[in-house]
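In: what's the 3D shape of this:
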Amino acid sequence: MFRQEQSVVPDICTASRQTQGMVTIFMLTRAITALLLAACPLLAFAVPAQVTLLTIDGAIGPANADYVIRGISRATKNGSQLVIIRMDTPGGLDTAMRAIIKAILTSPVPVASYVAPGGARAASAGTYIMYASHIAAMAPGTNLGAATPVQIGGSGMEPEPEKPAPSRNSDATKKDAGDAATSSMTRKQINDAAAYIRGLAQMRGRNADWAERAVREAVSLPAEEALKLHVIDYVVADVPALVAQLDGMKVNTLGQSKLLQTGGAAIIDAQPDWRAKLLAAITNPSVALILMTIGIYGLIFEFTNPGTGVPGVIGTICLLLALYALQLLPVNYAGLALIVLGIAFMVAEAFLPSFGVIGLGGIVAFVIGALILIDTELPGYGIPVPLIVTIAVLSALLIATIVGIALKTRQRAIVSGLDDLTGSLAEVMEDMQREGWAHIRGETWRITSHAPLRRGQKVRVVARNGLVLQVVPAGNNKRGE
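Out: So this is what the prediction gives:
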């Protein structure tokens, strides 16, 4: 028995060593896991978040505003650490500009505005967007400024000329009162714009005095001088250089300080999608005018020739697109009414015996309405005069064609009905002296003639008296008595 107990001792030792090995493996596993967990933040830090690049090229309008707003929203959702708005713009609509600025000011992601490439500009509305952005940069050879607001329906915010003393003439007094009202409105718009851009400059810690001068005096600056005057933050050659320059910079967004880690960050070029391109196309004033013209013509042709369907469908689609575009643009509704009235007059000319008066009035109304349709002098938002003249000429040619067809139709001989029998040939059915019967167009008619006729003789109808036809021999073209 003693020997049996002794044989158990080595087994116990072996089990103890196995247990210690398992404990060691478990401890090593825990240590490795802890190291991996500790390394995760370091790995995340090693791969910087992406940078989203948006592009504004051309006049700032509803399409640009929608594109930038949705671009900033997507950048926030996909975890971008920075949004760069690359700009080359002559200005744009005040409503679109303020929508973009509102999106920038409320964005949790820092936004950098960058005027590029060389030769680009950020004039008017672009200057406001530059001041609103968290970071402002320009490429060499670019400029910004000229931020004076354009007066709606006027000729711009220009200094008032000196006026002579008011006379006692009532007309002169009324004119002076109108000029004073215009001047007062101009001052209100300039003061509002100056306060707006000064507030943006103070928020971002940039040169507020020069910003106000850009509004009141329409001054501009090249990139190097803008950097010296602390209007912008950087002058860099391209987007990658800007991204590298911003690495390690702290930016305050919505009251929180954020550290940019852009070194080696991927740059996602978010180009406008089909929705932005479609919106940009239909909000072009020239395209909107063409769509509206096609739409009105299509509906009028459908109403005058019901049942076809094609003009009505095309006209309805074009008109709805045009109305959607016009409600986004600064439209003069008097101009819109004149365009509709002009097209209605031009179409009415084809159906009313006005000898061209209504059609001419319609062309004049259309041209005047098109000239004043877009009530602004902002670059890129006027309707070219050649386009207006082309549409008016095409409308006039269409009217002339319709009138010509109508006149030819009136002059053409009637091709159906009883009146069409006059001039037709008939064949006499029997010998006759004054009255008898004849075949004409597969029908049998009672006929009368001043000359005796033979069976089978060809005669020509010269008149109709009720249900009796008056005929003469086919070789005789004289009308009988």
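In: contacts, neighbours, all on C-alpha from now
Out: OK.
In: contacts for stretch 65-81?
Out: 49-52, 54, 82-83, 96-97, 99-100, 103-104, 107-110, 260, 270, 272, 276 (CA atoms under 8 Å, 6 or more residues apart in numbering).
In: Can you tell me which of those residues are buried?
Out: The neighbour-count criterion (16 or more other CA atoms under 10 Å) marks 49-52, 54, 82-83, 96-97, 99-100, 103-104, 107-110, 260, 272, 276 among those as buried.
In: A helix includes Ile383, no?
Out: No: in this structure, Ile383 is coil, not part of a helix, as judged by DSSP: H, G, I helix; E, B strand; the rest coil.
In: Could I get the contacting residues of it?
Out: Contacts of Ile383 (CA under 8 Å, 6+ apart): Pro285, Ser286, Ala370, Leu371, Ile374.
In: Could you do Ile363 as well?
Out: If a contact means CA under 8 Å, 6+ apart, then Ile363 has Gly342, Ile343, Met346, Ala392, Ser395, Ala396 as its contacts.
In: which residues sit in contact with the second one?
Out: It stands for Ile343. Thr293, Ile296, Tyr297, Gly362, Ile363, Phe366.
In: okay, these in CSV with secondary structure and pLDDT next?
Out: As requested, the contacts of Ile343 are arranged in CSV below (DSSP: H, G, I helix; E, B strand; the rest coil; pLDDT from 0 to 100):
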residue, secondary structure, pLDDT
Thr293, helix, 85
Ile296, helix, 83
Tyr297, helix, 82
Gly362, helix, 83
Ile363, helix, 83
Phe366, helix, 85
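In: Just the ones in helices from the buried ones among the contacts of stretch 65-81, please.
Out: Members of the buried ones among the contacts of stretch 65-81 lying in helices (criterion: DSSP state H): Ala96, Met97, Ala99, Ile100, Ala103, Ile104, Ala276.
In: Please identify the helix or strand for the residue nearest to Val287 when sequence neighbours are not counted.
Out: Excluding the flanking residues, the one nearest Val287 by CA to CA, 6 or more residues apart in numbering is Ala281, at 6.9 Å. Element membership of Ala281 [criterion: DSSP states H and E] is helix 274-282.
In: That helix packs against which elements?
Out: helix 62-77, helix 310-328 (3 or more CA pairs under 8 Å, 6 or more residues apart in numbering; DSSP states H and E).
In: Any chance of JSON lines for those, columns mean pLDDT?
Out: Below are these laid out as JSON lines (pLDDT from 0 to 100):
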{"stretch": "helix 62-77", "mean pLDDT": "92"}
{"stretch": "helix 310-328", "mean pLDDT": "84"}
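In: Export those as CSV, with columns for distance to Tyr128 and mean neighbour count.
Out: Formatted as CSV, those follow (distance: least, CA to CA, whole Å; neighbours: other CA atoms under 10 Å):
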stretch, distance to Tyr128, mean neighbour count
helix 62-77, 14, 20
helix 310-328, 21, 19
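In: Distance to Thr444 added to those helices, as TSV?
Out: Output for those, formatted as TSV (distance: least, CA to CA, whole Å):
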stretch	distance to Thr444
helix 62-77	74
helix 310-328	45
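In: Among those, which comes closest to Pro90?
Out: Proximity to Pro90, assessed across the helices and strands packed on helix 274-282 by CA to CA, is greatest for helix 62-77 (13.1 Å).
In: Now Gln189: which helix or strand?
Out: Here Gln189 is assigned to helix 170-204, by DSSP H and E.
In: Wasn't Trp437 part of a strand?
Out: Yes: secondary structure of Trp437 (three-state DSSP): part of a strand.
In: pretty sure it is touching Asp431, no?
Out: No: counting by CA atoms under 8 Å, Trp437 does not reach Asp431; the two are 9.2 Å apart.
In: Which one of those two is surrounded by more residues?
Out: Each of Trp437 and Asp431 has its neighbours counted (other CA atoms under 10 Å); Trp437 has more, 20 against 15.
In: need the contact list for that one.
Out: Val428, Met429, Glu430, Thr444, Trp445, Arg446, Ile447.
In: And it, how close does it get to Lys458?
Out: 12 Å (CA to CA, to the nearest Å).
In: Quick check: neighbours shared by those two?
Out: Val428.
In: count of residues packed around Gln129?
Out: If you look again at residue 129, you'll see it is Ile, not Gln. Neighbours around Ile129, by other CA under 10 Å: 25.
In: what secondary structure does it sit in?
Out: helix.
In: Leaving out the residues flanking it, which one is nearest to it?
Out: Per CA to CA, 6+ apart, closest to Ile129 is Ile101, 6.0 Å.
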